[in-house]
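> one predicted model, sequence on top.
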Amino acid sequence: MDDRILTEALSPGPDCLSIEDLGRLADNALSGEQLAAARRHVASCASCQAELALLQRFATSEISQDEQAVVRAGVEQLRRREREIFGDVERVRPAENKRIGVSWIRASAALAASLLLLAAGYYIFRPAPSGFPTDLPADSGVVRSLTIGLVAPVGDLTAAPDRLQWHPVAGATGYHVRVLEVDRHELWSADVTATSVDLPTAVKVQVAPGKTLLWQVIASDASSRALAESALQEFRVVR
Amino acid sequence: MLEPVAPSDEELVARYQIAPGSLRSRDAAEELFRRHQPRVVAWCYRLSGDPTQAVDLAQDIFVKAWASLDSFRADSKFTTWLYVIARNRWRDELRARQSRPREAPSDAIDVEPWTENEALQVLGAQDRRQLVQEVMDEVLDDVEKKVMTLHYGQGISLRAITAALGLTNRSGAKAYIVNARRKLNIVTKRWTTESLRKR
């Protein structure tokens, strides 16, 4: 035995669970064969067991007496840096900002910049295709180069809505629509080709007065590639 | 009268996701992040051992969390989601430290040297991996296994392991390493090529 052999034997192997899957395992968010396979692997894998131990310590450990002064000072420093953390997001009034998210502003700016670059590039490298978008980060879960404008329902309503309606997206051949509770439990979803869909009675009866619900639309093209996604829109019926 | 109940982490994320960029969403994110700042700073401090670096690491983690909050899906707890970001950031930090050998933490410890065993060398990497894990299961206790794995398998310093796992014994992770190596040496001395083939 030597350090090299130990390092080789104890490093994460190709079958090891990703940090994300270990998290899902810890949160009981895996099921069926995925859960069984994850449990089987972890039972015999020192690397995954150690990772789980770190995760559990992060989630549950108290700050010790020795750490308290450092943590308090660190948190104070972090709060002074919140402007850097949140970027230069201006704190605008809700009414002014109700429908225009920062991500949309950023996306618009990025799109404008891309168009300028594209125009310049066209003259310099005329035969080259645009390839938009080309360099999305590998870990970005959602492509938001385009957003979908939602028409109705929006905000406070006097009665349960009969239908959901949104603006069309160029190139889209279908839309996935979903209605969720505020904890993001999905109540209902549908795939349609039009830019509106009637809410079934089974969903309408769940729109109780005062209960906030969310809805969202994802547009896709003929090859089922997501083209655009709306923000989550809330609505509720008020008495 | 009922006391108002603080929204859960996941409810705050849902509020944020309704209209990212609005004042209400920003407030929800701020409340959420402030709730977890002590946890993240403490974790970064345990791993880095340096208060200044802990704040820098924590800032990186929250910048990433802010940039990715749209993609949070409620199939895991927010704490777990945040941990994934923190763990990946620490992994990057370790890689950077390993590429700067002069700045790498020193873990020079006075331990029993490894027993040479040629039989072990002739095994393939996969067999050695399996064998080492089986032997560790047999002779090491749970904490010894975790300390050995985090130190040798992931390159985490003994000081950081002591803090991250909350080890409260006097010598921390070092004591577990010393014990584990002694136990593994006892087993290794008995190994011959023939005995390994039979396992």
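Structure's in. What do you need? Numbers count the residues shown, from 1 in each chain, chains lettered A, B, ... in the order given.
> can you pull the contacts of the residue nearest to residue B:133 when sequence neighbours are not counted?
Of all residues not flanking residue B:133 in the chain, residue A:46 sits nearest, at 5.6 Å (Cβ to Cβ, 6 or more residues apart in numbering or on different chains). Yep, even glycine has a C-beta here, placed from its N, CA and C like the rest. Counting by Cβ atoms under 8 Å, 6 or more residues apart in numbering or on different chains, residue A:46 touches A:10, B:133, B:136, B:137, B:145, B:146, B:148, B:149, B:153.
> and the next element down the chain from the helix or strand harbouring the fifth one?
Secondary structure assigned from DSSP states H and E places residue B:145 in helix B:142-148. Counting by DSSP H and E, the element after helix B:142-148 in chain order, helix or strand, is helix B:158-164.
> which strands or helices does the helix or strand just after that following helix pack on?
For helix B:158-164, the following helix or strand on the C-terminal side (DSSP H and E) is helix B:173-190. If you count contacts as 3 or more Cβ pairs under 8 Å, 6 or more residues apart in numbering or on different chains; DSSP states H and E, helix B:173-190 packs onto helix B:125-139, helix B:142-148, helix B:158-164.
> for helix B:173-190, which positions count as buried?
Within helix B:173-190, the residues scored as buried using 16 or more other Cβ atoms under 10 Å in any protein chain shown are B:173-181, B:183-185, B:188.
> out of those residues, flag the one nearest to chain A.
Using Cβ to the nearest Cβ, residue B:188 comes nearest to chain A of the buried residues of helix B:173-190, at 4.7 Å.
> and the pLDDT for the residue nearest to residue B:133?
Per-residue pLDDT puts residue A:46 at 90.
> same check on residue B:48?
Here the pLDDT value assigned to residue B:48 is 93.
> now do the contacts for it.
Counting by Cβ under 8 Å, 6+ apart, residue B:48 touches B:54, B:57, B:93, B:160.
> excluding its backbone neighbours, what's nearest the third one?
Put plainly, it is residue B:93. Spatially, and ignoring its direct neighbours in sequence, residue B:93 is nearest to residue B:57 (6.7 Å; Cβ to Cβ, 6+ apart).
> tell me the buried residues in the helix or strand the one you found falls within?
Under the criterion of DSSP H and E, residue B:57 resides in helix B:51-68. Residues of helix B:51-68 classed as buried: B:51, B:54-68 (neighbour count, 16+ other Cβ under 10 Å).
> do the same with stretch A:192-208
For stretch A:192-208, a neighbour-count test (16+ other Cβ under 10 Å) marks A:195, A:197, A:199, A:203, A:207 as buried.
> roughly how far apart are the residue nearest to the last one when sequence neighbours are not counted and residue A:199?
Ranked by Cβ to Cβ, 6+ apart and with sequence neighbours excluded, the top spatial neighbour of residue A:207 is residue A:160, at 4.0 Å. In this structure, residue A:160 and residue A:199 are separated by 8 Å, where distance is defined by Cβ to Cβ, to the nearest Å.
> also residue B:127?
60 Å.
> could you do residue A:77 as well?
For residue A:77, the distance to residue A:199 equals 49 Å [Cβ to Cβ].
> what does residue A:216 give?
14 Å.
> where in the chain is pLDDT low?
Picked chain A for this. A:88-146, A:183-184, A:239 (pLDDT under 70).
> think we crossed wires, I meant chain B
Within chain B, the stretches with pLDDT under 70 are B:1-4, B:100-119, B:122, B:191-199.
> got a list of what residue A:71 touches?
Residue A:71 is in contact with A:63, B:38, B:41, B:42, B:45, counting by Cβ under 8 Å, 6+ apart.
> just checking, the fourth one touches residue A:72?
No - counting by Cβ atoms under 8 Å, residue B:42 does not reach residue A:72; the two are 10.3 Å apart.
> comparing the two, which residue is more hemmed in?
Taking neighbours as other Cβ atoms under 10 Å in any protein chain shown, residue B:42 and residue A:72 compare with residue B:42 leading, 24 against 13.
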